[in-house]
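Participant: need a 3D model of the following:
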Amino acid sequence: MSFPRYPAYKDSGVEWLGEVPEQWRLLSLKHVASLNPTKANFNGSLDEVYSFVPMEKLKTGRIILDEVRPAEDVLGGYTYFEEGDVLQAKVTPCFENKNIALARGLTNGVGFGSTEINVLRSGRDLKPEFLYYRVQEDGYMSVCTSSMIGAGGLKRVPPEVINTFKIALPPLQEQTQIARFLDHETAKIDALIQEQQRLIELLKEKRQAVISHAVTKGLDPSVPMKDSGVEWLGEVPEHWRVSQLKFNTLLMQTGPFGSQLHAEDYIQDGVPLVNPAHMKDGKIIPDSQASVDQDTWHRLERHQLSPGELVFARRGELGRCAVVTEAQKGWLCGTGSLKAKLNAKLLPEYAYLLVTSKGVVSELSLESKGSTMENLNTETLGRVRLPLPPPPEQKQILDYVARLSGSFGSLIQEAQAAIEIISERRSALISAAVTGKIDVRNWKPPADETAFDEEVRQAGLEVVS
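Facilitator: I've put the predicted structure just below:
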């Protein structure tokens, strides 16, 4: 799709912005919008309830409005916003993911939420709908991201960077036209992205189902079967064993806790500790900040990991685990983890597939202890019952799973690549429209606009008019 350019341009004087339409005004964002208005502007009733938005409920293009709280509970310590304000995540990675939305449909027209949310309120010369797209533009995102300050993964954009950000502002009527154009075009793009996301989820579900069937039923559908005696497992091949994990391990041990390891023992770029956050898709991904020095490593020698061992998350997501590789030899089992050394009857990679299957995760959840969070210990993990083919057959199944995962992985990568391309198209279109690189003043929606809007709504997307 191609669009015309404006008849005449002028130099903006801003390097990244370049030329802008001749009739557009250049000014700092603070002159047309207020950042984080104070609660002094709140004139609602103290007897009412208002929308409440935790950080995780601010998404890209929408807000999940399923919570309300009384005024007396939120007037102190929370961010305040009103209908029509633009909400934007303060911290990375939510900021970089463009968790930005227009506040619409607030209970009693007012909302409160996480202090990690920035609120931008339009002045009389700026339409909220245009502002919503303006703060998604690539130049704005780049300037803000490069200016972030703070330690670790909680970096924030300084308020003065937002306030002094230079924009080129079209007349009000033109702002409305640009926002309407982008509503229409981004809705179509978002529908395509959703299709690819649904495809990825279906591929992942299918892959998991095929893998689960292989590791619990085997590869030969003609073999005689027997009742496993385990409700979630059902029948298994007649020549397989069903055995508790503890009878197939040489050692099960929790990581250091209490006085064994303190926060002050952590250093940068030392010997890695493996906690639940460092296990992803069966692999260990260390954090340079979660490590200890040589003295602490020697003191915690009994918690060292060896190749072929499995390390499990003790808290949170039960079934999360990873296989220790040769390169990770000597790393330490962390406080939130436990490790298991298997005997020759159970291959580590096969054990990983079993432990991460839905059936085992459900059994672990039922057995786990903890009043506020599911917790795993060696006793609970040891009791879990697993279907065990002979080791040579385990190897055959692992080879099959590897080939299968490769095929599904390629399809998933293709869908993810499509999402990246479509998302780049979305960002480029928004940037071009809000900086005047394309002229959409004469754009009109297609004749079947109403039918299209209905299709979008049925797909679960919001159409902003």
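
Participant: the bottom helix or strand of this structure by mean pLDDT?
Facilitator: The weakest-scoring helix or strand in the chain, judged by mean pLDDT, DSSP states H and E, is helix 449-458 (a mean of 49).

Participant: how's the chain carved up into domains?
Facilitator: Annotated domains of the chain cover 26-169, 219-388 [automatic domain parsing].

Participant: adding mean neighbour count and mean pLDDT, write these out as JSON lines.
Facilitator: C-beta here means a position set from N, CA and C on the backbone, and glycine is covered the same way. Shown next, in JSON lines, are the domains of the chain (neighbours: other C-beta atoms under 10 Å; pLDDT from 0 to 100):
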{"stretch": "domain 26-169", "mean neighbour count": "17", "mean pLDDT": "94"}
{"stretch": "domain 219-388", "mean neighbour count": "17", "mean pLDDT": "89"}
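
Participant: output the ones you listed in TSV; the columns should cover distance to residue 412.
Facilitator: As requested, the domains of the chain are exported to TSV (distance: least, C-beta to C-beta, whole Å):
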stretch	distance to residue 412
domain 26-169	20
domain 219-388	12
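
Participant: A strand includes residue 151, no?
Facilitator: No - under DSSP: H, G, I helix; E, B strand; the rest coil, residue 151 sits outside any strand and is assigned coil.

Participant: how about the strands in the stretch 1-150 of the chain?
Facilitator: Under the criterion DSSP state E, counting those that start in this stretch, the stretch 1-150 of the chain contains strands at 9-11, 19-21, 25-28, 33-35, 49-53, 68-70, 79-82, 86-89, 100-102, 110-113, 117-122.

Participant: so for residue 388, which of those sits nearest?
Facilitator: Nearest of those to residue 388, taken as C-beta to C-beta: strand 86-89 at 46.8 Å.

Participant: partners of the closest one in the sheet?
Facilitator: Note on strand 86-89: by DSSP bridges, its sheet partners are strand 100-102 (antiparallel), strand 117-122 (antiparallel).

Participant: reformat the ones you listed as TSV; add distance to residue 72.
Facilitator: Below are the strands paired with strand 86-89 laid out as TSV (distance: least, C-beta to C-beta, whole Å):
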stretch	distance to residue 72
strand 100-102	26
strand 117-122	21
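
Participant: nearest to residue 217, out of those strands?
Facilitator: strand 100-102 (45.6 Å).

Participant: between the domains of the chain, which one is nearest to residue 197?
Facilitator: Closest among those, once you apply C-beta to C-beta, is domain 26-169, at 11.9 Å.

Participant: picking up where we left off before, which one of the strands of the stretch 1-150 of the chain lies nearest to residue 327?
Facilitator: strand 86-89 (35.6 Å).

Participant: contacts for the closest one?
Facilitator: Strand 86-89 has contacts (C-beta atoms under 8 Å, 6 or more residues apart in numbering) with 53, 55, 58, 63, 81, 95, 97, 99-103, 113, 116-122, 128, 131-132, 135.

Participant: ok, stretch 30-41 next?
Facilitator: Here stretch 30-41 makes contact (C-beta under 8 Å, 6+ apart) with 29, 75, 79-82, 85, 118-123, 125-126, 131, 159, 162-164, 167, 169.

Participant: please apply the same query to stretch 323-334.
Facilitator: Contacts to stretch 323-334, defined as C-beta under 8 Å, 6+ apart, come from residues 253-256, 271-276, 278, 282-284, 286, 290, 292, 297, 300, 303-311, 339, 348-349, 352.

Participant: ends of it, how far apart?
Facilitator: Terminal residues of stretch 323-334 are spaced 15 Å apart (C-alpha to C-alpha, to the nearest Å).

Participant: ok, back up a step: a markdown table for the strands of the stretch 1-150 of the chain, including distance to residue 187?
Facilitator: Shown next, in a markdown table, are the strands of the stretch 1-150 of the chain (distance: least, C-beta to C-beta, whole Å):
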| stretch | distance to residue 187 |
| --- | --- |
| strand 9-11 | 29 |
| strand 19-21 | 25 |
| strand 25-28 | 29 |
| strand 33-35 | 24 |
| strand 49-53 | 23 |
| strand 68-70 | 28 |
| strand 79-82 | 24 |
| strand 86-89 | 18 |
| strand 100-102 | 14 |
| strand 110-113 | 24 |
| strand 117-122 | 22 |
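
Participant: nearest to residue 440 among those strands would be which one?
Facilitator: strand 19-21 (11.5 Å).

Participant: pLDDT on the closest one, on average?
Facilitator: Taken as a whole, strand 19-21 has a mean pLDDT of 97.

Participant: ok, it: who's next to it in the sheet?
Facilitator: Paired strands of strand 19-21, with direction, are strand 9-11 (antiparallel) (DSSP bridges).

Participant: for the residue nearest to residue 334 when sequence neighbours are not counted, what are phi and psi?
Facilitator: Excluding the flanking residues, the one nearest residue 334 by C-beta to C-beta, 6 or more residues apart in numbering is residue 275, at 3.6 Å. When read as degrees, to the nearest 10, the backbone of residue 275 gives phi -110, psi 170.

Participant: residue 275 and residue 151, how far apart?
Facilitator: 19 Å (C-beta to C-beta, to the nearest Å).

Participant: please apply the same query to residue 266.
Facilitator: Shown here: residue 266 relative to residue 151, a distance of 13 Å by C-beta to C-beta.

Participant: with residue 240 instead?
Facilitator: Here the criterion is C-beta to C-beta. By it, residue 240 lies 51 Å from residue 151.

Participant: just to check, residue 233 is in contact with residue 385?
Facilitator: Yes - between residue 233 and residue 385 there is a contact at 7.4 Å, judged by C-beta atoms under 8 Å.

Participant: tell me where the stretch 151-300 of the chain has strands.
Facilitator: Along the stretch 151-300 of the chain, counting by DSSP E, counting those that start in this stretch, strands occupy 166-169, 225-227, 235-237, 241-244, 249-254, 266-267, 271-274, 279-280, 283-284, 291-292.

Participant: export the ones you listed to a markdown table and tack on distance to residue 366?
Facilitator: As requested, those are exported to a markdown table (distance: least, C-beta to C-beta, whole Å):
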| stretch | distance to residue 366 |
| --- | --- |
| strand 166-169 | 56 |
| strand 225-227 | 20 |
| strand 235-237 | 20 |
| strand 241-244 | 15 |
| strand 249-254 | 19 |
| strand 266-267 | 34 |
| strand 271-274 | 26 |
| strand 279-280 | 22 |
| strand 283-284 | 27 |
| strand 291-292 | 35 |
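
Participant: out of those strands, which gets nearest to residue 420?
Facilitator: The closest of the strands of the stretch 151-300 of the chain to residue 420 is strand 279-280. By C-beta to C-beta, the value is 20.0 Å.

Participant: related to what we said a few turns ago, and for residue 233 and residue 385, which residues touch both?
Facilitator: Residues touching both residue 233 and residue 385 by C-beta under 8 Å, 6+ apart: residue 242.

Participant: contact partners for residue 176?
Facilitator: Residue 176 makes contact with 127, 129, 130 under the criterion C-beta under 8 Å, 6+ apart.
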